[in-house]
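Q: Structure of the sequence below:
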Amino acid sequence: MRVTIFIVLLFTLFNCVAQTVQENPSLIPFPKQLQWKKGAFSLKHCRHIVASEPELKQEAIWLKAWLKEKGVDAEISAKPMAHAIVLRTDRSMKHEEGYHLRINKEGISISGADARGIFYGIQTLRQLALQDMIPAVEIADEPAFPWRGYMVDVGRNFMSVHLLKEQIDVMAAYKLNIFHFHLTEDIAWRVEIPGYPQLVAPSTMIRNPGSFYSVAEMKELIAYCRERHILMVPEIDMPGHSAAFTRAMGADMQSEKGKAEIRKIMKRFCETYDLPYIHIGGDEVKISDSSFLPDLTHDMIAMGKKVLGWDPGGNHLPTTIRQLWMRDVPTDKKAPYLDSRHLYLNHMDPHEAVTTIYKRQIGGVNESNGYALGGIFCLWHDRKVRNESDLMTMNPVYPAMLSFAERSWKGGGKSGWVTQAEASDQGFTLFEQRLMDHKQRYFSDKPFLYQRQSGLIWKLYGPYDNEGDLGKRFKPELNAEGLAAAKEVMGATVVLRHFWDPLVKGVLDSAREQTTWYAERMVWSDADTMRNYWVGFNNFSRSYTSDSPPEGQWNTLSSKLFVNGQEIAPPEWARPGAKGELEQPLIDEGYEYRKPTIVPMKKGWNRILVKLPVGSFKANGWNNPVKWMFTVVEAE
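A: Just a heads-up that it's a prediction; the model follows:
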């Protein structure tokens, strides 16, 4: 089949963009102001780190350790030296997290209002130093939002200290500064409180019995975050999500006895752990004691703590920082707030996650305005996992983290949830090129669930009325000649209709039940070969108890994949048609964590055809929502 001029032009555009990006090192998040200069600085000639101010000692140590990894043995000095990396504070800088980085052939200087800015300047320097010669550049940079966070729920599925540290290290490398640590749940209470061993007794835990963070481990994690200029914000969920507390203490948290106990427990928590903020939850619960949240909040304030709570939630005090999860604005318009709306990884397909997070306008504003403090993207994996590594292979943590780092540092974006990559959005194309560069350079030993989407253009044909017969065949499946596309879209994943429609829009302006659509793309191969592809027709939210696909089918909608007219069979599912249960881990239901599908390719152009029928948009129960979509992309 002849390739359209439009597609050829797009490939030319994307190749030109990629070449432009590769001329200089890829930076994430991209700085506010950057000017490339002539020349370069040779790391081989660097023998000194100049840091005369005591408050920069830790940053100098960080820098020395990194240079050692690069084969450079530099000494820390308080005196000016030639061909050195100079660290210094600049109190005239307006933004406390801003930094100024200058590189020329004579040396490197990093200045910031305080140690945080210096630390962020070092992270940018690390990304610039792909080789011994670092290109000359001048960067003036500062974040759009002061809160740039990542949340992990360990109440439901425990994570080891080792895996948490790995994620904290990546956070630090990309200038995220808030680690929201969700420590308690109905499933289990995961943090040790001196004097209350029953809270972490194995008998009170439904999953990972006996797994919790000891006082020593918690203090270790707090210090680990602090050294990287990351603020840990622990969440002790109350009065809801507290069944583990009830099992341990023998009393409902809102009862007179339960309330008295949690007040004593929180006092001991605050005495034990040196943390300025406490998240008290407050959501998804019937408030039977209207004084509960105000009393606990006043307790925290009296102990010098600042308090966060979910919104919508209970009757929080006006001073409580609200974290949005089902609203775009806080209930109290005068309350400071954080945005987690449309930022739940557990509901997102990997490609959708990068697209929507990159495009997301945080808090409905382009930059912090005093009320909108920033945002936190969240990992709520409700379903039990077989092992902790599944949390990283079933959720696009790292590509999402880099996307959120870009958006929360730069600001801007679009309102709502944007599911689809767009060929006209050159900003996304440039970001994706940087993202893929970082995947190759820094994540070869970590799960990075994302494939390139730019330039993957699909022709959509339809709608064809199938009258409820999902197996009914139509012209794109029978005869490829003379077809006129209804529209063209771009992406590795294409969402025709989201299960949260109309809140979240798919690519179809007006999706109809009992219709069939087809998607077509041409792929070139230099030889007859077999290729690995990610192929999927549903994204299994890790918070729903969705059923496994039926035997011999990709999904319950009778979707199909053809390559050069040959149907590609679905996998032999581990549990075909199994009813979903929260305590039954997912195994191979998602394309991103099962073996790729092997697809035969002939020499020359190959026609990929995706058949997408749908009967009803009504779900077979709340846990099996109809997300009309497909993913077909070569797995790099």
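Q: Strands along the stretch 301-450 of the chain, start to end?
A: Using DSSP state E, counting those that start in this stretch, the strands assigned to the stretch 301-450 of the chain run over residues 306-311, 321-324, 337-339, 372-379.
Q: Can you give the contact residues for the longest one?
A: In this structure, residues lying in contact with strand 372-379 by Cβ atoms under 8 Å, 6 or more residues apart in numbering are 145-153, 178, 180, 321, 323, 336-340, 343-346, 357, 360, 362-365, 368, 391, 395, 397, 400-401, 404, 408. (C-beta placed from N, C-alpha, C; glycine too.)
Q: ok so, going back, which stretch among the strands of the stretch 301-450 of the chain is buried most, on average?
A: Highest mean neighbour count of those: strand 337-339, a mean of 27 (counted as mean count of other Cβ atoms under 10 Å).
Q: What about residue 165? Give its phi and psi, please.
A: In terms of degrees, to the nearest 10, the main-chain angles of residue 165 are phi -60, psi -40.
Q: isn't it right up against residue 227?
A: No. With contacts counted by Cβ atoms under 8 Å, residue 165 stays clear of residue 227, the gap being 11.0 Å.
Q: In contact with the residue most central in space within the chain: list those residues for me.
A: In the chain, the C-alpha closest to the average C-alpha coordinate belongs to residue 400, at a distance of 2.7 Å (Cα atoms, centre = their mean). Residue 400 is in contact with 345, 348, 353-354, 357, 377, counting by Cβ under 8 Å, 6+ apart.
Q: among those residues, which are in helices?
A: 353-354, 357 (DSSP state H).
Q: so which of these would you say is closest to residue 447?
A: Among the ones in helices among the contacts of residue 400, residue 353 lies closest to residue 447 (Cβ to Cβ), at 13.3 Å.
Q: Could you tell me how far that closest one is located from residue 397?
A: Separation of residue 353 from residue 397 (Cβ to Cβ, to the nearest Å): 9 Å.
Q: what sits in contact with each of those two?
A: residue 345.
Q: These two: who's more crowded?
A: When residue 353 and residue 397 are compared on other Cβ atoms under 10 Å, the one with more neighbours turns out to be residue 353, at 27 against 24.
Q: Isn't the more buried one up against residue 344?
A: No. The criterion here is Cβ under 8 Å, and residue 353 misses it with residue 344 at 9.5 Å.
Q: And this protein, split by domain according to the record?
A: 33-141, 147-424, 457-634 (automatic domain parsing).
Q: quick one: which of these is nearest residue 437?
A: Across the domains of the chain, closest to residue 437 is domain 33-141 (Cβ to Cβ), at 9.5 Å.
Q: what separates the closest one from the chain centre, distance-wise?
A: 29 Å (Cα atoms, centre = their mean, to the nearest Å).
Q: start to end distance for that domain?
A: One end of domain 33-141 sits 6 Å from the other (Cα to Cα, to the nearest Å).
Q: same check, this time on stretch 309-328
A: 15 Å.
Q: can you give me the offset of it from its chain's centre?
A: Centre to centre, stretch against its chain (Cα atoms, centre = their mean), the figure for stretch 309-328 is 22 Å.
Q: what does it rub up against?
A: Contacts for stretch 309-328 (Cβ under 8 Å, 6+ apart): 239, 277, 279-283, 285, 287, 290, 292-294, 297-298, 301, 306-308, 330-332, 334-341, 344, 363-364, 373, 376, 415.
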